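> Okay, here's the prediction I keep looking at, along with the sequence it came from:
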Amino acid sequence: MKLDAIFRPKSVAIIGASRTPGKVGHVLTRNMLESGFSGKIYPINPNADESTIASIAPPSPSATLSSVKSSSPCSW
């Protein structure tokens, strides 16, 4: 059984990314950017725009901060 997809993901989505220091979503996003993760990071926050999310941490040379555009909210 291969577990590479879990332990070496090519991209991650962080639900609840926040620009407020100390909030879990902020800490997770910042840690991913500063850890040397080389994949795409999709910070998810329906109340924030792209510039808000980009302000969480300075750009990392290895990680790519990507935005997800949605015209309608998810209805689970």
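Everything's here; your move.
> Could you use CA atoms for every contact and neighbour count after this?
OK.
> can you give me the strands in this protein?
11-15, 40-44, 64-65 (DSSP state E).
> would TSV of those with distance to Gly22, mean pLDDT and mean neighbour count be doable?
Shown next, in TSV, are these (distance: least, Cα to Cα, whole Å; pLDDT from 0 to 100; neighbours: other Cα atoms under 10 Å):
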stretch	distance to Gly22	mean pLDDT	mean neighbour count
strand 11-15	15	88	15
strand 40-44	16	85	21
strand 64-65	20	60	18
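> and of those strands, who's closest to Leu28?
In terms of Cα to Cα, the element of these nearest to Leu28 is strand 11-15, at 7.4 Å.
> relative orientation of the closest one and strand 40-44 in degrees?
20 degrees (axes from the mean of the first three to the mean of the last three Cα atoms, to 10 degrees).
> Thought Ile15 was touching Pro43, still the case?
Yes: using Cα atoms under 8 Å, Pro43 is in contact with Ile15, at 6.4 Å.
> ok, the nearest residue to His26 once chain neighbours are set aside to Arg30 distance?
Closest residue to His26 apart from its sequence neighbours, by Cα to Cα, 6 or more residues apart in numbering: Ser18 at 4.7 Å. Ser18 is 10 Å from Arg30, where distance means Cα to Cα, to the nearest Å.
> before we move on, back to that, so which of the strands of the chain comes closest to Lys2?
strand 11-15 (17.1 Å).
> Tell me which strands the closest one pairs with, and in which orientation.
Strand 11-15 pairs in its sheet with strand 40-44 (parallel), by DSSP bridges.
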